[in-house]
Each structure stands twice: as structure tokens, then as C-alpha cells.
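[1] Got a predicted structure here, sequence first:
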Amino acid sequence: MSLQIQSGVSLKPFNTFGVDVRARLFAEAHSDADVREALAYAAEHKVELLVIGGGSNLLLTRDIDALVLRMASRGVRITHEDCGMAVVEAEAGEPWHPFVQDMLAQGLSGLENLSLIPGTVGAAPMQNIGAYGVELKDVFHSLIALDRQTGELREFTLPECAFGYRDSIFKQQPGRWLILRVRFRLSFSATLHLDYGPVRQRLQEQGVTEPTPIHVSRAICAIRSEKLPDPVTLGNAGSFFKNPLVSAELAARIRESHPGLVAYPQADGQVKLAAGWLIEQAGWKGFREGDAGVHQLQALVLVNYGAASGRDLLNLAQRIQADIHERFGVSLEMEPNLY
Ligand code: EPU
């Protein structure tokens, strides 16, 4: 029996908002056997099991009356190589950014646009993480998950994951699938994605004329560091709201009174709006009440200046949602998982 179960553990170090709530029980899983042991313990003691990764997409609003299991399994291996491509398998507990750096150092590209995203490998498919024109689904090969209902292992191929914008079958069926390891399809010859936002311009400013994936990663790290606060110094969970999809009519109506509206037309005729822009227009950027606030440089990010509770942050989020709805008729959906 290798699983160490502790009682009454503060989750402050395990969520990037730095919210101080307690878990009734807490353990770290380093292997599949640990995961199975945790599931068996939870069933036997009739306690819920809440699985977390890096805690970077979590808003904890109360003490957690459950066994909180932090995925801490490690290991990365190439399982298949041909025609300049490699399939790389990584354990769920691998921290995301060091994994990206490790792949780049081995000459494997594909993940560079996803540099500096907080969290773990196992959490990445949950919300199909994405940044700067690339989503996890673009480099995804397959994953192995444990079915918590049957205890069986199941492999998921790309179409089976039902990936969407910050969405997947794993998010749609909460509590069912426990992701154990993820396989990525990476390439030894780079196809760079430079067309999103300021990436190409940043490379030019850096004097890079023939960018490699490592250059792209460095540029993206620089862009992210300027706008997104480092959770080590300022608690946050990245983008707090999804960019909303609205009808073309609503987008046109908003543009009449706000010509600067940032909007991205979608293939299906809908329009994706920049939630950060809407929140900034409504005057919330830099707002602070107590220790809960809206980041000064990026209105899509809520921050904890120190002692904000999850409730404080949730209240602020709900005020912003109500205000954006009233002003623009747009519903903002929260991105983090709420407990
Ligand atoms: N904007 C403002 N004011 C703000 C923030 C943004 O006017 O306070 C405007 C920007 O000027 C820009 C537009 O809104 O014209 C979009 O902003 P940005 O490029 O910063 O991207 P985003 O929509 O805020 C999304 C993702 C990020 C991802 C970036 C880059 C979502 C919810 N967020 O942010 O993902 O890093 O694009 O690809 O889709 C995350 O999910 O945690 C996250 C950080």
C-alpha cells in the first residue's frame, strides 16, 4: 500500500488562485496502482473523489468534503517514430510547460504555441487547452483513461474525445473519466503557426528572420509573461471566462454603439467576441475589492491579491457576468471548474 492519505489538508498550494480551503482527505497518485487504491478507498469509505492536476483551472469556494487526489505520475517516452513524426506518451502528472520545453529540446515541434500554459499533461485534454492559433487537438494522438464507473482502461482516439473550444467529452462527463496518460503526435520537421495575434510581429522585433520552434516558444513566453500574471506572485486561473459565441446580428448591434468591438467570425456564421475587450469596455479592468480583482493588464483574468476567498472571486465573477449581460446582451461562461 503506497498511497499516503492525509486528513484536513490545506489546498492553498494546490490551486493557482491560492485560495485557502481544506480537503477532508488528500493524497497524491504517482502510479496507476495509486489511482486504483484511491478509487477503492473512496468507494469503501463512501467519500467522493475529486481528481486535480496542477490546480490551474479551479475555483474552490468551500472546504472540500472529498478525497482530493492530485495526479503526480511522471514519465515521458517516445512510443513510435516514422517519417519524421513521433508519438510521445506522457504521464498525467507531468507539468505542462517543462514537458513542452523537453520536447523542443529533443527537436520535436508542435507544442511551441502552447508554451507557458500552467497545469499538467493530464488536465490539458479536459478543456482542450489552446493558445496562439493552436489547440491541444491539433497535436493529439490518443489518451488512456480509467473509467471510474467500471474500473476499466479505455483508449480514446481524436474523434472520440469530442474536442471543442475549451471543451471535450471528459469535461462533458464530469467525474467519469480519469486521464492517466496522453499521447501526442509531434514532428521532427517544423510547421510553424505564426499568424495568430502578435506572434510574427514579436519574432520580427526580436530580429528573428528564420524562426525555429524554439524561437516561437520564446516569443510566446514573452507575450504571455507581459499580459498574464504569474500565479506564483499573483493568484489567478488564466482566462476566467470563455470568449463567447454570439449571433452575427448581436455582434452587428453591439458594433453600432462600439465600433472597436473585437470579433472573430466563425465558419458556422456565429461570431466569437473577445470577452476581455467587453469586460474592459465595461470598466472592470484593474477593479479591486478587498483581495479579489480584475487584472490590470488583461481583463479576462481574475486575480487574488492574497486573502480573497473563492466566494469573493465568485461574487466578483457573477457581478461581471450580470453587468456584461445588461450592457451587451452577452452571456459569459466561466472557464474554471467550480467547487
Ligand atoms: N482585449 C482587450 N482588453 C483586455 C483583454 C483583451 O481589449 O483586457 C482584446 C485584445 O486587445 C485582443 C482581444 O481582446 O484584441 C483578444 O485578447 P488576447 O489575444 O489577449 O486573447 P484572449 O481572448 O484574451 C485567448 C485565450 C487565452 C490564450 C489567448 C492567446 C480564451 C478564454 N482565452 O485569450 O487562453 O492564451 O487567447 O491565444 O480563449 C486561458 O484559457 O486560460 C488562456 C489564457
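    Right, received. Where do you want to start?

[2] Figure out how far the longest helix out of those in the chain is from the centre of its chain.
    Using DSSP state H, we find that the single longest helix of the chain is helix 310-328. Centre-to-centre, helix 310-328 and its host chain are 21 Å apart (CA atoms, centre = their mean, to the nearest Å).

[3] Ok, stretch 156-163 next?
    18 Å.

[4] So it, near the ligand or not?
    No. Among the residues of stretch 156-163, none lie within reach of the ligand under CB under 6 Å from any ligand atom; the closest is 13.9 Å away. Heads up, the C-betas are built off the backbone N, CA and C, glycines and all.

[5] rewinding a little: does any part of the longest helix of the chain sit near the ligand?
    No. Judged by CB under 6 Å from any ligand atom, helix 310-328 stays clear of the ligand, getting no closer than 12.0 Å.

[6] and after that helix, which helix or strand comes next?
    Next helix or strand after helix 310-328 toward the C-terminus (DSSP states H and E): strand 337-338.

[7] hang on, the earlier thing: buried set for the longest helix of the chain?
    Neighbour counts over helix 310-328 (16 or more other CB atoms under 10 Å) mark 310, 312, 313, 314, 315, 316, 317, 320, 321, 323, 324, 328 as buried.

[8] pull the CA atoms of that helix into CSV?
    Coordinates of the C-alpha atoms in helix 310-328 are reproduced here as CSV (Å, rounded to 0.1, in the frame of the first residue of the first chain):
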residue,chain,number,x,y,z
GLY,A,310,-13.3,31.5,-3.5
ARG,A,311,-16.6,33.1,-2.7
ASP,A,312,-15.1,36.6,-3.1
LEU,A,313,-13.8,35.7,-6.5
LEU,A,314,-17.1,34.0,-7.5
ASN,A,315,-19.1,37.1,-6.4
LEU,A,316,-16.9,39.3,-8.5
ALA,A,317,-17.3,37.0,-11.5
GLN,A,318,-21.1,37.0,-11.1
ARG,A,319,-21.2,40.8,-10.9
ILE,A,320,-19.1,41.0,-14.1
GLN,A,321,-21.4,38.4,-15.8
ALA,A,322,-24.5,40.4,-14.8
ASP,A,323,-23.0,43.7,-16.0
ILE,A,324,-21.9,42.3,-19.4
HIS,A,325,-25.3,40.8,-19.9
GLU,A,326,-27.0,44.1,-19.1
ARG,A,327,-24.7,46.2,-21.2
PHE,A,328,-24.2,44.0,-24.3
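
[9] I appreciate the help and will end here.
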